[in-house]
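Undergrad: coords please:
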Amino acid sequence: MGIPQEDRLDYACRQDMNAIESAANEIRTAIRNVESMMPKTWIGKKADNWRTDHDGRMKRLKTLFDSFPAEENRLVEKARQDQAKMNQKMHGGG
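TA: Model (predicted):
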């Protein structure tokens, strides 16, 4: 008798990763909404400096979000391997 899917490490990890991806997508949408509302009339050195800082932060955030799929695959695969080791121990192997 196997472990129910919802109790498997890889399943739980995938669920967590899906929740993270959903939150990241909500943040991306919020950023787009805010940026579309930002006035284009603020000009001058302070405005330029603020915008440069803002663009840098948004680029770092995008880089972080873009790293999620590869990290998700790595973590889910590790959880799958860990689950397999636990199953093997539980059933007397290894």
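Undergrad: So what's the gap between the longest helix along the chain and the chain middle?
TA: Secondary structure of the chain per DSSP state H: the longest helix is helix 45-90. Here the centre of helix 45-90 is set off from its chain's centre by 5 Å, with C-alpha atoms, centre = their mean, to the nearest Å.
Undergrad: Arg80 versus Asp43, what's the distance?
TA: In this structure residue 43 is Ile, not Asp. 54 Å (C-beta to C-beta, to the nearest Å). Where you see a C-beta, it was placed from the backbone N, CA and C, and this is true even at glycine.
Undergrad: These two: which is more packed in?
TA: Neighbours were counted for Ile43 and for Arg80 using other C-beta atoms under 10 Å; Arg80 has more, 16 against 8.
Undergrad: Mind pulling up the pLDDT for that one?
TA: The per-residue pLDDT reported for Arg80 equals 88.
Undergrad: if we can go back for a sec, run through the neighbouring helices and strands of the longest helix of the chain.
TA: Counting contacts by 3 or more C-beta pairs under 8 Å, 6 or more residues apart in numbering; DSSP states H and E, helix 45-90 packs against helix 9-37.
Undergrad: Show me where the chain dips below the pLDDT cut-off.
TA: 1-2, 41, 93-94 (pLDDT under 70).
Undergrad: okay but Leu75 is in contact with Cys13, surely?
TA: Yes: counting by C-beta atoms under 8 Å, Leu75 does reach Cys13; the two are 5.6 Å apart.
Undergrad: Settle it for me: which of the two has more neighbours?
TA: Taking neighbours as other C-beta under 10 Å, Leu75 and Cys13 compare with Cys13 leading, 19 against 15.
Undergrad: Show the contacting residues for the residue nearest to that one when sequence neighbours are not counted.
TA: Nearest residue to Cys13, sequence neighbours excluded (C-beta to C-beta, 6 or more residues apart in numbering): Ala79, at 3.9 Å. Counting by C-beta atoms under 8 Å, 6 or more residues apart in numbering, Ala79 touches Leu9, Asp10, Ala12, Cys13, Arg14.
Undergrad: Narrow the residues you listed to those that are buried.
TA: Leu9, Asp10, Cys13, Arg14 (16 or more other C-beta atoms under 10 Å).
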